[in-house]
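Asker: prediction below, plus the sequence it came from.
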Amino acid sequence: MRFQAGDYLVDVVVDIDRFELPVTNFLPGITADTIEFARTLLEPDHIDATRNRLMLAIQSFVLHAGGRTILLDSCVGEDKERRLIPEFHRRARTGFLDGLARIGVPAELVDVVFCTHLHIDHVGWNTRLHDGRWVPTFPNARYLTGRREFEYWQQQDQEPSGDAVQLPGFEDSVLPLFEAGLLDLVDDGYELAEGLTLLPLPGHTPGQLGVRADGSAPAVFCGDAIHTPVQVLNPDLSTNGSVDMLEASRVRRALLENAVEHDLLIVPAHFRGARCMRVERTRRGFVPHFPQEH
């Protein structure tokens, strides 16, 4: 599917369309009232309340910006050792690169790969296995991520008690690029292209950065600041994998307030269906509205 963000067209390339997680484990503290409210608004694309399941997509957004092709987040990848998440472990023949080619973007035409943060489902296609080595999947691209984010995972990688779920992605999908001199560390305020500015969205990870797209259709690509529209109904619900759940909640609420005030299109990393939303404030709180798919 395709939509407009800022002054640019955006294509969605899906790696996994339906990745299921248990609602009550993934969103600690969720109440039966919120689940029931979510059932009325969000089934069947985002939640199956009867089965206690959230449905997420894992996908990349391709921006065609000023003659450059920018890929936001690079999903899960193939051939990666991910024993703690069986759905991600040693995947093969997924068709992700074919999906890019179908929209006219073979791997060699990607100019920039920007990772909002360095979790395994956002960095996997950065590299591919070739002759026993991890090499860049996008051979002509510069890879970008937040400086604070990289330094956090660099420190985690040196600690015996580092994050066992996420560190394999840092080691096989980020460090090879850094060591090859292909990874640029950037800060909030950096411009990916004219009208595409990075903004800080910490909490889920310490250095997560989103992308603000200014122009005729202003939008924010918010990474994992919002995983599921259930968190729009209750912004206090941070995921169990967030480094700082209180900070994540504060950032999420501010993002939703900004979306209402400025009529922003919000593009989270993992929404299914329309893949994006607008936000309305009601007497009960925030409510998502999904554009029709096209």
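Answerer: Everything's here; your move. Residues are numbered from 1 along each chain as shown.
Asker: packing partners of the lengthiest strand in the chain?
Answerer: In the chain, assigned by DSSP state E, the strand with the most residues is strand 8-22. Helices and strands touching strand 8-22, by 3 or more Cβ pairs under 8 Å, 6 or more residues apart in numbering; DSSP states H and E, are strand 2-5, strand 53-65, helix 96-102. Just so you know, the C-beta spots here come from the backbone N, C-alpha and C atoms, and that holds for glycine as well.
Asker: which helix runs longest in the protein?
Answerer: Looking across the chain with DSSP state H, the single longest helix is helix 245-262.
Asker: can I get that one in PDB, CA atoms only?
Answerer: C-alpha atoms of helix 245-262 as PDB (Å, rounded to 0.1, in the frame of the first residue of the first chain):
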ATOM      1  CA  MET A 245       7.900   2.300  31.100                       C
ATOM      2  CA  LEU A 246       7.100   5.600  32.800                       C
ATOM      3  CA  GLU A 247       9.100   7.600  30.200                       C
ATOM      4  CA  ALA A 248       7.600   5.600  27.400                       C
ATOM      5  CA  SER A 249       4.100   6.500  28.700                       C
ATOM      6  CA  ARG A 250       5.000  10.200  29.000                       C
ATOM      7  CA  VAL A 251       6.400  10.300  25.500                       C
ATOM      8  CA  ARG A 252       3.400   8.400  24.000                       C
ATOM      9  CA  ARG A 253       0.900  10.800  25.700                       C
ATOM     10  CA  ALA A 254       2.800  13.800  24.400                       C
ATOM     11  CA  LEU A 255       2.900  12.400  20.900                       C
ATOM     12  CA  LEU A 256      -0.900  11.800  21.000                       C
ATOM     13  CA  GLU A 257      -1.500  15.300  22.300                       C
ATOM     14  CA  ASN A 258       0.600  16.700  19.400                       C
ATOM     15  CA  ALA A 259      -1.300  14.600  16.900                       C
ATOM     16  CA  VAL A 260      -4.600  16.000  18.000                       C
ATOM     17  CA  GLU A 261      -3.400  19.600  18.200                       C
ATOM     18  CA  HIS A 262      -1.700  19.500  14.800                       C
END
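Asker: coming back round to it: quick one: closest of the helices and strands packed on strand 8-22 to residue 123.
Answerer: Distance to residue 123, taken as Cβ to Cβ, is lowest for strand 53-65 among the helices and strands packed on strand 8-22, at 11.1 Å.
Asker: list the buried residues of the longest helix of the chain.
Answerer: Judged by neighbour count (16 or more other Cβ atoms under 10 Å), helix 245-262 contains these buried residues: 245, 247-252, 255-256, 259.
Asker: before we move on, what about stretch 192-202?
Answerer: Quick answer for stretch 192-202 (16+ other Cβ under 10 Å): 192-193, 195-202.
Asker: any chance of those in CSV, plus secondary structure, distance to residue 103 and pLDDT?
Answerer: Formatted as CSV, those follow (DSSP: H, G, I helix; E, B strand; the rest coil; distance: Cβ to Cβ, whole Å; pLDDT from 0 to 100):
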residue, secondary structure, distance to residue 103, pLDDT
192, strand, 19, 97
193, strand, 18, 95
195, coil, 21, 96
196, strand, 19, 97
197, strand, 24, 98
198, strand, 24, 98
199, strand, 26, 98
200, strand, 30, 98
201, coil, 27, 98
202, coil, 32, 98
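Asker: tell me which of the residues you listed is nearest to residue 67?
Answerer: After measuring the buried residues of stretch 192-202 against residue 67 - Cβ to Cβ - the closest member comes out as residue 193, at 8.9 Å.
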